[in-house]
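Asker: Sequence first, then the predicted structure, then my questions.
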Amino acid sequence: MAPSTSADDLADEAADLDGYFSDAPLEPEPKYAPLETKFDRCVVITNLPKIPGAKYEKLSKVILKLVSRIGNLAAYEGTDDFTGFFMPQAEDGSTVGCAFVEYDTAGDAKKAIEVLQDYKFDKNHALQVTLYERASNLAEVEEGEFQQPEPEPFKERSNTMSWLEDSCQRDQFAIREGKETKVYWNDGRGDPIVDYDGAREKKAGVNWCDYYVNWSPKGSYFATLVPSKGVILWGGKNFEKLGRFAAPGVDFLVFSPQENYVLTNNNNRNDPQAIKVFSIQSGKCLRTFPLYPKDFLDPSLSESEKSNIPPPPFQWSHDDQYLARMGKDLISVFETPSMKLLDKRSLAADGIHEFQFSPKANIIAYWAPEHKNQPAHVDIIEIPSRKKLRQKNLFNVSLCSMVWQEGGEYLGVKVTRHTKSKKTLYNNLELFRVNEPGIPVEMFDVKDAVMSFSWEPRGSRFAIIHAENPTSTKVNVTFYDMFKTLEPDKKKKKGSKEKQIVAEVNKIETLEGKQCNSLFWSPAGGTIILAALGDSASGTLEFYDTDSKTLVIKEHYRANQVIWDPSGRSVATTVSQPIGGGHFKFAMDNGYILWTFQGKQLSQASFEAFYQFAWRPCEKLSTKKEIATIAKNIKKYEKQFNAFDEAKKTQQRLQETKGKRRSRAEFRATVARLKGWRSRQKQERMELLGGYDSEDEDNFTTKEVTIETVLGIKEELVY
């Protein structure tokens, strides 16, 4: 039994506690988490597998791991059991195929939609991700009979290939000079003619270009760079505006080969979205990338050392299916149009230094120097299977440079090697026959230093510039063929009497003592320009026909570019300066010269500030067989071509003499009018002269006078 407490004891206890209690009324207020009025950080994931309750924990862990890679999930103070993830269950404990995820920021929620949309969770489930706000709005949509919306009125799109319908089969090119951007027609015979110079934009008071311009690979689109806005796309007969891609600060652009996508770059190291990939048809930004891949730059390097390392470029596959970029010991290949990593993993490539896509197949070639006790090697890998088609190990390698032939049939690798002491360098060429079984490789040493290597675009020949000393002013140019023709042995009575063509590198000829540092094959093949380009070079241009062995020497002083037109009929040499590069010390030489493929000068233009010259590309539709057939039967079409040329010359001559003919016709009309007026006055004139007719020849006396003039006398003695 509890001891009793007297009233005096309670009073004494109350007196002792006096002063410890507040006179304020007790009103406790619970501490709640801040009320969320927006749900922009929440997403709903649907099309998840429906599994029984026994597998609930396992599926939850897999989904949590997946969504946590994108960003931090939301967390609230005082709620230790809240993970930012909730997957509802049915009454029997099975899942219903959806989940709710709340991220720490709205940006992570948007990123989750981009990354997880259509993500292949397994073979039978591709995830669908939606913002919670949109999902709740969809839930409030009333069910009813579907009403077909009224289609928008048809608006014909500009014909981006209209320039190919030109009756004279002329080429086009664009130039950037001063504040002007102009597009010209060129017929390969005379001065170019302006097609469009931005007159419509000038009238509206805007510039249609503030930086460089780019043609798409097939010539369908003309892109102008306006760094303050982005990229503007033009096309059609009158260069109508077709679209704009928001890319502030853009200073570089590259189209995909099939013109489905465009990649922009602002070269801002601090911008996590420096590189953007857009769909040309929809105008939608498919994905963004930072300037450098993750872990590409060594953290131990200083900022100045990092600034000297160029960012690895992106490269498109020939069919637009893939976009790839080199990283540290890997190649990241992204599929289009989802722009997701192929098979969710990068292609391992230890020590990779450079890679290139084949121009005609989904094949990647890359080389890596000696790395982790492994020799240097060149690998050829098939995409998407990742099958290694060929590997060539190389030893004592200082540097490699890879060059694909335009048709993707051959890959040339110029290898710079060193001796064991690393004091002496020498070269050799590794030539891969990509289309042949097993991809055989031929290697031959070049005693001299090789300064340039170039494939003939539509053939099996290639040329190299070499000299004993890489700083020599006089160099040699040697031509090779990947095939060798064997003459039949006349001594043997039996056997084939026909010539045999074997797959063996064959030296054709060497041109000695040339002043050149660059090689430029004509797109049509056959003709090559040996050019001496650069500030310290002479500007010599040697037009060499490799078939007829004819050589024409010209000069363009201080030329720094040689640019062939797509047909190979004309070629431009330019002296240009970079935009925004300050004062250009050779500004007086700025401009371009147009030449025929035979070296005849067609036109010349000079500008105070000249930045860019770009031919409009043209898709090559003819096959090798068709081109060979046309070349064989060229005389059949010669009369047709000559007749067309004569008709064009006649039309041009009539156009040039149009003013003279008009003046002559006006003069003859005036003379006829005056003669008529004089004939009408004849009777009046005779009356004034007393019947005398001054126009009657019988009223005149004719005298004939002969005058002889001795111009000179010369005497000769004849023995």
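Answerer: Everything's here; your move. Please read all numbers here as calculations on a predicted model, not as lab measurements. Numbering: from 1, shown residues only.
Asker: Where does the residue nearest the centre of the chain fall, secondary structure wise?
Answerer: By Cα atoms, centre = their mean, the chain has its centre lying nearest to Val254, at 3.7 Å. Using DSSP states H and E, the element containing Val254 is strand 252-255.
Asker: same deal with Arg664?
Answerer: Assigned by DSSP H and E, Arg664 belongs to helix 658-680.
Asker: any idea how far that helix is from the chain center?
Answerer: 60 Å (Cα atoms, centre = their mean, to the nearest Å).
Asker: what bridges to the residue nearest to the centre of the chain?
Answerer: For Val254, the beta-bridge partners are Leu263 (DSSP bridges).
Asker: can you tell me how far the closest residue in space to Leu541 that isn't next to it in sequence sits from Thr540?
Answerer: Sequence neighbours aside, Lys554 is the residue nearest to Leu541 in space, at 4.6 Å (criterion: Cβ to Cβ, 6 or more residues apart in numbering). Where you see a C-beta, it was placed from the backbone N, CA and C, and this is true even at glycine. As judged by Cβ to Cβ, to the nearest Å, Lys554 and Thr540 stand 8 Å apart.
Asker: Just the helices from the stretch 501-650 of the chain, written as ranges.
Answerer: Here the stretch 501-650 of the chain has its helices, by DSSP state H, counting those that start in this stretch, at 624-632, 634-656.
Asker: Any stretches of the stretch 601-719 of the chain with poor pLDDT?
Answerer: Within the stretch 601-719 of the chain, the segments meeting pLDDT under 70 span 719.
Asker: Poorly predicted segments of the protein, please.
Answerer: 1-8, 10-11, 13-35, 77-80, 489-497, 581-586, 719.
Asker: Can you show me the helices along it?
Answerer: Secondary structure of the chain, counting by DSSP state H: helices at 7-16, 56-68, 106-116, 132-139, 199-204, 303-307, 624-632, 634-656, 658-680, 682-688.
Asker: Give me the distance from the last one to the chain's centre.
Answerer: For helix 682-688, the distance from its own C-alpha centre to the chain's C-alpha centre is 84 Å (Cα atoms, centre = their mean).
Asker: how about it as PDB, C-alpha atoms only?
Answerer: C-alpha atoms of helix 682-688 as PDB (Å, rounded to 0.1, in the frame of the first residue of the first chain):
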ATOM      1  CA  LYS A 682      11.100  66.500-152.800                       C
ATOM      2  CA  GLN A 683       8.400  68.400-154.700                       C
ATOM      3  CA  GLU A 684       8.600  71.400-152.500                       C
ATOM      4  CA  ARG A 685      12.400  71.400-152.700                       C
ATOM      5  CA  MET A 686      12.300  71.300-156.600                       C
ATOM      6  CA  GLU A 687       9.900  74.200-156.700                       C
ATOM      7  CA  LEU A 688      12.200  76.200-154.600                       C
END
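Asker: helices or strands up against it?
Answerer: Helix 682-688 makes packing contacts with no helix or strand when contacts are defined by 3 or more Cβ pairs under 8 Å, 6 or more residues apart in numbering; DSSP states H and E.
Asker: what residues does that helix touch?
Answerer: Applying Cβ atoms under 8 Å, 6 or more residues apart in numbering, the contact partners of helix 682-688 are 692-695.
Asker: same thing but 10 Å
Answerer: Under the contact criterion Cβ atoms under 10 Å, 6 or more residues apart in numbering, helix 682-688 has outside partners 678, 681, 692-696.
Asker: Need those in CSV (columns: neighbour count).
Answerer: Below are those laid out as CSV (neighbours: other Cβ atoms under 10 Å):
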residue, neighbour count
Arg678, 11
Gln681, 11
Tyr692, 11
Asp693, 13
Ser694, 10
Glu695, 10
Asp696, 9
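Asker: circling back to that earlier point, do I have it right that the residue nearest to Leu541 meets Gln604?
Answerer: No - in terms of Cβ atoms under 10 Å, Lys554 does not count as a neighbour of Gln604; the distance is 11.8 Å.
Asker: More neighbours: which of those two?
Answerer: Lys554 (16 against 13; other Cβ atoms under 10 Å).
Asker: can you pull the contacts of that one?
Answerer: Residues in contact with Lys554, defined by Cβ under 10 Å, 6+ apart, are 529, 539-543, 573, 593, 595, 599-601.
Asker: one more time with 7 Å, if that's ok
Answerer: 541, 595, 599 (Cβ atoms under 7 Å, 6 or more residues apart in numbering).
Asker: Among the residues you listed, find me the one that's closest to Val44.
Answerer: The closest of the contacts of Lys554 to Val44 turns out to be Trp595 (Cβ to Cβ; 64.3 Å).
Asker: thought the closest one was touching Val571?
Answerer: Yes - with contact defined as Cβ atoms under 7 Å, Trp595 and Val571 form a contacting pair (5.2 Å).
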